[in-house]
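Asks: Sequence first, predicted model second:
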Amino acid sequence: MNEIRIAPDRLHQLVFNLWIYAGSHRAEAQKIADHLVAANLAGHDSHGVGMIPGYIAARDQGLLQQNKTLLVVKDAGAVLTVDGQQGFGQVMAADAMDLAIQRTRKLGMCAIALRNSHHIGRIGHWAEMCARAGFISFHFVNVVGDPMVAPFNGSDRRFGTNPFCAVFPRSGKAPLLLDFATSGIAYGKTRVAWNKGVSVAEGNLIDSHGLPTNNPGVMHESPFGSLLAFGLHKGYALAVMCEVLGGAVSGGQTTHPHSLQTSQAAIFNCMTSMLLDPAAFDAPEMQQEAQRFIDWVKNSPQPGEQPILVPGEWEEIQRMARQQQGIPIDTNSWQQICHVARAVGMPEAELAKYSA
């Protein structure tokens, strides 16, 4: 497997400049670069800079609107509904979380529903934003009209990867962060595996006939197969709740025959988020109790050399390593990024310096 490694700051500059050439305002380009590089740093390459070619395709097809602003469509105090106007999810979700954080500081809690946004990326990014403000948060997300996952006991794709996320801030420590697609693996991980020419683990995919396969190509070449939900009926049930709580509650759409997208570049998300201020609860020992539990879990005898990690620690380990060693990008993904960089007008000499 061939790959290059790029220092995070250099990769950030490339992404920022690429979107400037593509027509984004500086503030928008900054938020896109911040989010995509942060996803790579956290070890989630499926939601990192490899998304850029798809975003360019969505822009070129008129599906992704640049330089849009978040629209507040209903303000009910502790409950807000906002519309992303098909703009960059990296901007719309950031602005939505800013609004929710401000309201939570005032009221102790806030529920915010975001609809009609282009791809909002790694959901953990938004939970981490809440945690930095000191707040607990929960996030239910659907992917409108872009079915990739088969229902439990089904044989074809009927809904999206529908992430669920929750975060608990900790004093002086990285937060506890749960962030996963309700499919066994994210769609983006099949893209990474396909570009690398490797298989995915058993139990995550079925082919167009509903038969098990570990070939990621079934998600990228016709006839298409499907992802499977994690945990059999349990992951499927959670995906259903994310579809309804993210899509219907936000005033957006769920996935059904009338909302199906006609382009693979169309990635529209709805997200319903709840933020809670821990200080609003009668729990003076909250942090200590959480730590007592974590210490108890980590003291379990280990049968092997693998450490016991709590949610969010894996991402922290990845950040430390990639800050020091650079961010790995497989050569196929790198060539795809370079191709779109040239297409939006980045000079060859400028592009060359990023991989030097």
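Replies: That came through, no problem.

Asks: Now do the lowest-mean-pLDDT helix or strand in the chain: everything it contacts.
Replies: Averaged element by element with mean pLDDT, DSSP states H and E, the chain has its least confident helix or strand at helix 187-196 (a mean of 90). Contact partners of helix 187-196, identified using Cβ atoms under 8 Å, 6 or more residues apart in numbering, comprise 1, 44-47, 50-51, 148, 161, 181, 199-200, 205, 216-217, 219-220, 227, 330, 332-333, 336. Just so you know, the C-beta spots here come from the backbone N, C-alpha and C atoms, and that holds for glycine as well.

Asks: now with 6 Å?
Replies: Contacts made with helix 187-196 from outside it, assessed by Cβ atoms under 6 Å, 6 or more residues apart in numbering, are listed as 1, 45-47, 148, 161, 200, 216-217, 219-220, 330, 332-333.

Asks: Just the CA coordinates for that helix, please, in PDB.
Replies: Provided in PDB are the C-alpha atoms of helix 187-196 (Å, rounded to 0.1, in the frame of the first residue of the first chain):
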ATOM      1  CA  TYR A 187     -19.400   4.500   3.900                       C
ATOM      2  CA  GLY A 188     -16.200   6.500   3.800                       C
ATOM      3  CA  LYS A 189     -14.300   3.600   5.200                       C
ATOM      4  CA  THR A 190     -15.300   1.600   2.200                       C
ATOM      5  CA  ARG A 191     -14.000   4.400   0.000                       C
ATOM      6  CA  VAL A 192     -10.700   4.400   1.900                       C
ATOM      7  CA  ALA A 193     -10.400   0.600   1.600                       C
ATOM      8  CA  TRP A 194     -11.300   0.600  -2.100                       C
ATOM      9  CA  ASN A 195      -8.700   3.300  -2.800                       C
ATOM     10  CA  LYS A 196      -6.100   1.300  -0.900                       C
END
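
Asks: returning to that earlier point: and which of the contacts of helix 187-196 is nearest His256?
Replies: The shortest gap between His256 and any of the contacts of helix 187-196 belongs to Met148, at 14.9 Å (Cβ to Cβ).

Asks: Give me the distance between that closest one and Asn214.
Replies: Applying Cβ to Cβ, to the nearest Å, the value for Met148 to Asn214 is 16 Å.

Asks: more neighbours, the two?
Replies: Met148 (22 against 14; other Cβ atoms under 10 Å).

Asks: got a list of what that one touches?
Replies: With the criterion set at Cβ under 6 Å, 6+ apart, Met148 makes contact with Arg157, Gly160, Tyr187, Leu227.

Asks: pLDDT below threshold where in the protein?
Replies: 1, 356 (pLDDT under 70).

Asks: got the residue ranges for the strands in it?
Replies: Counting by DSSP state E, the chain forms strands over residues 3-6, 71-75, 79-83, 109-118, 136-143, 149-150, 164-170, 173-180, 205-206, 212-213, 226-228, 268-276, 327-330, given from the N-terminal end onward.

Asks: Tell me which residue lies nearest the centroid of this structure.
Replies: With distances taken as Cα atoms, centre = their mean, Arg122 lies nearest the centre of the chain, 1.9 Å away.

Asks: Touching, that one and Ser46? I think so.
Replies: No. Here Arg122 does not reach Ser46: they are 8.4 Å apart, not a contact under Cβ atoms under 6 Å.

Asks: Tell me which of the strands of the chain lies nearest to Ala58.
Replies: Taking Cβ to Cβ as the criterion, strand 109-118 is the member of the strands of the chain that comes nearest to Ala58, at 6.7 Å.

Asks: Report all helices and strands that that closest one contacts.
Replies: In this structure, strand 109-118 makes packing contacts with strand 79-83, helix 89-107, strand 268-276, judged by 3 or more Cβ pairs under 6 Å, 6 or more residues apart in numbering; DSSP states H and E.

Asks: Could I get the buried residue list for the shortest one?
Replies: Neighbour-count burial for strand 79-83, with 16 or more other Cβ atoms under 10 Å as criterion, is recorded at Leu80, Thr81, Val82, Asp83.

Asks: Surely Gly345 is in contact with Gly23?
Replies: No. Taking contacts as Cβ under 6 Å, Gly345 lies outside contact range of Gly23: 9.5 Å.
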